[in-house]
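How does the following fold in three dimensions:
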Amino acid sequence: MDIISHALWTNLIFKELPLEQRGLAILFGLLPDFISFSSLTVRNFIKKTLHFKAPLLTTMPGYVFKLYDITHSLVVWLAIFLILKIFGYSWWLIIYYAWGLHILMDIFTHTTAFFPTPILWPFSRFHFSGTNWSNKWFMLFNYAVLLFLYLVFYF
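Next comes the predicted model:
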């Protein structure tokens, strides 16, 4: 899913949290993509090769794929969740759910062709080939649903 949609869905789902916690939840909901792609974005910006279309996978450094695997794995998410739970960081657990939400949304909005979500990494490369989030019909539907829900809950 695109980064703006991740932020809007997270804000909507965590709307009952106080503003400061909701802001952190939104940040945690964006972190999987920020961690995976921000260094590449900065590199392309410095090289003046930044563009707003999908880059060729062959031009991407290997570390981007490894970071994506780590940040988009439910196994890794669950391990960190359990650590937070064991050490009693219940305040952080609420915010950390946003990271899991990001992964769940990506499972169904990424295809095998471009960054499939590796649900069970590092044990398996299993992934679900969902609907491409950049498909214009999906984007239209996604933002229409978001607009409707924001009108219902915020106005």
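
For L104, the count of nearby residues, please.
14 (other C-beta atoms under 10 Å). For the C-beta atoms, the positions are set from N, CA and C on the backbone; glycine is no exception.

now it, what's its secondary structure?
With DSSP: H, G, I helix; E, B strand; the rest coil as the basis, L104 sits in helix.

Return the residues in contact with it.
For L104, no contacting residues are found, by C-beta atoms under 8 Å, 6 or more residues apart in numbering.

what does L101 give?
Taking C-beta under 8 Å, 6+ apart, we find L101 in contact with W9, T10, I13, G29.

I'd like those residues written out as JSON lines, with distance to Y97 and neighbour count added.
Below are the contacts of L101 laid out as JSON lines (distance: C-beta to C-beta, whole Å; neighbours: other C-beta atoms under 10 Å):
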{"residue": "W9", "distance to Y97": "12", "neighbour count": "21"}
{"residue": "T10", "distance to Y97": "9", "neighbour count": "23"}
{"residue": "I13", "distance to Y97": "9", "neighbour count": "16"}
{"residue": "G29", "distance to Y97": "9", "neighbour count": "28"}
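
Max pairwise distance over those: which two?
The largest separation in the contacts of L101, counting by C-beta to C-beta, is between I13 and G29 at 8.7 Å.

joint contacts of these two?
With C-beta under 8 Å, 6+ apart as the test, I13 and G29 both reach A98, L101.

now the residue nearest the centre of the chain: how far from T71?
The centroid of the chain falls nearest to H102 when counting by C-alpha atoms, centre = their mean (3.8 Å). To T71, H102 is 9 Å away according to C-beta to C-beta, to the nearest Å.

same thing with I80?
From I80 to T71 the distance is 11 Å (C-beta to C-beta).

the more surrounded of those two?
Applying other C-beta under 10 Å to I80 and T71 shows that T71 carries more neighbours, namely 22 against 13.

got the contact list for H110?
P116, T117, H127, S129, G130, N132, W133.

circling back to that earlier point, any shared contact partners between H102 and T71?
In contact with both H102 and T71: L31, P32, D33, using C-beta under 8 Å, 6+ apart.

Quick check, the second one in contact with L74.
No: using C-beta atoms under 8 Å, P32 is not in contact with L74; the gap is 11.4 Å.
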